[in-house]
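What would the 3D arrangement of this be:
(2 chains)
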Protein chains: 2
Amino acid sequence: MQLTEDELVAAIARVVSGPAPGVRVGIGDDAALATVRTGELALTTDLLVEGSHFERRLIAPRDLGYKAIAVNLSDLAAMGASPRFALVSLGLPAAVDAAWVVELYGGMVECASEYAVSIVGGDLSRARETTISVTLVGEAPVGRAVLRSGASAGERIAVTGTLGASAAGLLLSRSSKDVLSESLTAGWGRQLLRAHERPTPRIGEGETLAQSGATAMMDLSDGLSRDLPRLCRASGIGAVIRADRVPLAPAVAANAERLGIDPLDVAVSGGEDYELLAVLPAGVIDDAAERLRDRFGVPLTEIGETTVREGITIVGDDGEERPLEPKGWDHFARG
Amino acid sequence: MQLTEDELVAAIARVVSGPAPGVRVGIGDDAALATVRTGELALTTDLLVEGSHFERRLIAPRDLGYKAIAVNLSDLAAMGASPRFALVSLGLPAAVDAAWVVELYGGMVECASEYAVSIVGGDLSRARETTISVTLVGEAPVGRAVLRSGASAGERIAVTGTLGASAAGLLLSRSSKDVLSESLTAGWGRQLLRAHERPTPRIGEGETLAQSGATAMMDLSDGLSRDLPRLCRASGIGAVIRADRVPLAPAVAANAERLGIDPLDVAVSGGEDYELLAVLPAGVIDDAAERLRDRFGVPLTEIGETTVREGITIVGDDGEERPLEPKGWDHFARG
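So this is what the prediction gives:
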């Protein structure tokens, strides 16, 4: 890349530019200036590192940019918060050219625009591996955000959408050329790859679940088997999950054999689905499900319930109970 | 490092923990929740990458943590904003142990506490080189933050404190064992190293300069010779600087020969001083300087003035004018 930092910042600013509601100063000054309504700020950040979170040769920069914003939006969705502003820092190896960076920003702006988010700042550095750090600022009515810690025993556990497609998409992207091209011809390959490359942050769904009385919520980034224990620990409860209720992504269920995977395993431990895991009192779950279906066309599936006894149990199709082992993604342990 | 991500997060949370004003939810949920007064948010982020911004063998983790927060605070100081919340993401090689990470956070908390900032969130990832991404959220009275773009021709250019100590400290840290130990024995070495490792963000000074009528402001992170042109471009003006007015750090002026450096060169192009560069109308600069001296014991030195003609000129001790060439740090070009 032959551009100086100032030149690359200028190129990025052209992609990102344009006045945005609430933003007085965006990229280019020492800090951005923006106003929020008088709610509570919701602040979240994610670090994506080449080799741990993505392979540059396996994902188009536009998709990677989209995903980098989407996964942060998902954290705000999990609070029931509305996203407003994003800051993006990039660590770039010398081998990455300016066109790649501009495409990456194109994808970030595409996702941000869909959710009315403004990219207001950032930083650039040389690095040995491509590194993307995104921070999102959102807001929620004071005291109304949904934490991980609010669930009680005897409530219902539910997930939005379906599970497993993202992890299956990752497997597919790494599979042989023959399997990949067959899957793309048949159509289901594109679905799985898209689930992995362009996850849908459940922003509207999160706000609706918060309004519907969800007592605890988080997003499924590392897989149910790692994330549900985190929610349960935060709430001081346990959970029983029914295997036959876990909503498998149709393309995963239909092509599990071709991919050589156990669909339940992928759905429970695969990670990166970015669906919402929500706990709701028994009296409100049907109403919440109806609202999600009506407003967003998204299913809310009850998969189990919270228990006084700590630990997570999964009841198999055969009725047998066994502990749910955390097998999902640990971006930190890998690499 | 043998800890899992959850265990390391728990260790970090113990260092960071404690209730903080305005923070309802800190580290551990999907997002942090915090309230601000009804001002304008000031948002800034910096990415520090091993090899480009620091060498792990040359700086103690506690100092590095302190500096990572300080340099972000400096960006808010440059707006005249008050810092409130920080988010910190770390990319860590497997060779970095948990004790190093806890020390790093110790330094971050030390700096954050001095400026009443709460660390409310973050993320961890494996990486090939140590990477620190800090985002800071501050606030300023609506419409009162000082931008880079507000200066007019015929105003005074001033800097807080003195320049050159940080770059001289970096040179010293890389110099021979003999020079280093001699400098530490004599005392001036510690001063220079400290300037490089623990820069002082000019938070109170920035607010005071904003209240005193500064028309434009930025912090000197890349050196006057790179940063002044940025401010001038943003304001659509030029500048004339007088070499004999540039305030040299005393330890630099006194030991330039031993270090083999031109003190003016280091002060103008060295970078990482994190002093404030401010433009003020002629009628208010004396009053502003008096306030900085009285409140903080910090000098404000007039070094030149803004001009209609674009470009930056430096007038030498001999009265000769020449263009000020941008020679400071470009973290992006290096490496």
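
wait, doesn't residue A:197 sit right on residue A:59?
Yes. Using C-beta atoms under 8 Å, residue A:197 makes contact with residue A:59 at a distance of 5.8 Å. For glycine as for every other residue, the C-beta is placed from the backbone atoms N, C-alpha and C.

Tell me the residues that contact both of these two, please.
Common neighbours of residue A:197 and residue A:59, using C-beta atoms under 8 Å, 6 or more residues apart in numbering or on different chains, are residue A:67.

Do a quick rundown of the helices in chain A.
Counting by DSSP state H, one finds helices in chain A at the ranges A:5-16, A:61-77, A:98-114, A:165-173, A:177-186, A:188-197, A:203-211, A:224-235, A:250-259, A:263-269, A:285-296.

In TSV: those helices, plus mean pLDDT.
Listed next are the helices of chain A as TSV, based on pLDDT from 0 to 100:
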stretch	mean pLDDT
helix A:5-16	80
helix A:61-77	97
helix A:98-114	93
helix A:165-173	93
helix A:177-186	90
helix A:188-197	94
helix A:203-211	98
helix A:224-235	95
helix A:250-259	93
helix A:263-269	95
helix A:285-296	98
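
Pop the domain breakdown of chain A in here.
A:5-140, A:148-323 (automatic domain parsing).

Pull up the distance across the first one, start to finish.
Across its full length, domain A:5-140 reaches 36 Å end to end, with C-alpha to C-alpha, to the nearest Å as the criterion.

wait, does stretch A:215-227 contact chain B?
Yes. Against chain B, stretch A:215-227 shows contacts by C-beta under 8 Å from any C-beta of the partner chain at A:217-219.

Could you provide these in JSON lines, with additional columns for distance to residue A:211, neighbour count and pLDDT?
Below are those laid out as JSON lines (distance: C-beta to C-beta, whole Å; neighbours: other C-beta atoms under 10 Å in any protein chain shown; pLDDT from 0 to 100):
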{"residue": "A:217", "distance to residue A:211": "12", "neighbour count": "28", "pLDDT": "97"}
{"residue": "A:218", "distance to residue A:211": "17", "neighbour count": "25", "pLDDT": "97"}
{"residue": "A:219", "distance to residue A:211": "18", "neighbour count": "26", "pLDDT": "97"}
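
By proximity to chain B, which residue of the stretch 151-300 of chain A wins?
residue A:218 (5.5 Å; C-beta to the nearest C-beta).

That residue pairs with what?
residue A:277 (DSSP bridges).

Provide a list of residues in contact with it.
Counted by C-beta under 8 Å, 6+ apart, residue A:218 has contacts A:78, A:148, A:227, A:230-231, A:276-277, B:29-30.

and residue A:275, how many residues sit next to it?
Residue A:275: 30 surrounding residues under other C-beta atoms under 10 Å in any protein chain shown.

pLDDT wise, what is residue A:333 at?
Predicted confidence (pLDDT) for residue A:333: 51.

again with residue A:328
Confidence score, pLDDT, at residue A:328: 58.

quick one, what contacts the closest residue to residue A:86 other than its chain neighbours?
Leaving aside its sequence neighbours, residue A:86 sits nearest to residue A:119 (C-beta to C-beta, 6 or more residues apart in numbering or on different chains; 4.8 Å). Remark: with contacts taken as C-beta under 8 Å, 6+ apart, residue A:119 is in contact with A:16, A:26-27, A:85-88, A:105, A:108-109, A:112.

Would you mind listing what in the stretch 101-250 of chain A touches chain B?
Contact residues, the stretch 101-250 of chain A versus chain B (C-beta under 8 Å from any C-beta): A:120-129, A:131, A:133, A:135-138, A:140, A:142, A:145, A:147-149, A:217-219, A:230, A:234.

what number of residues lie near the residue lying closest to residue A:122 once chain neighbours are set aside?
Using C-beta to C-beta, 6+ apart and skipping the chain neighbours, the partner closest in space to residue A:122 is residue A:88 (4.2 Å). Counted with other C-beta under 10 Å, the neighbours of residue A:88 add up to 28.

OK, contacts around residue A:88?
A:68, A:105, A:108, A:119, A:121-122, A:132-135, B:45.

which residues pair with it across the strands?
residue A:122, residue A:134.

ok, it to residue A:47 distance?
11 Å (C-beta to C-beta, to the nearest Å).

Identify the contacts common to those two.
With C-beta under 8 Å, 6+ apart, residue A:88 and residue A:47 have common neighbours A:132-133.

I'd like to know which of the contacts of residue A:218 are buried.
A:78, A:148, A:227, A:230-231, A:276-277, B:29-30 (16 or more other C-beta atoms under 10 Å in any protein chain shown).

before we move on, the earlier item: pull out the buried residues from the residues of the stretch 101-250 of chain A next to chain B.
A:120-129, A:131, A:133, A:135-138, A:140, A:145, A:147-149, A:217-219, A:230, A:234.

Quick check: buried residues in stretch A:50-70?
Quick answer for stretch A:50-70 (16+ other C-beta under 10 Å): A:50-54, A:56, A:59, A:61-70.

What pLDDT does the model give residue A:27?
Each residue has a pLDDT score; the one for residue A:27 is 77.

Would you enumerate the residues in contact with it?
A:9, A:12-13, A:16-17, A:119-122.

Near the closest residue in space to it that isn't next to it in sequence, how many other residues are there?
With sequence-adjacent residues excluded and distances taken as C-beta to C-beta, 6+ apart, residue A:27 is closest to residue A:13, at 4.9 Å. For residue A:13, the count of nearby residues is 15 (other C-beta under 10 Å).
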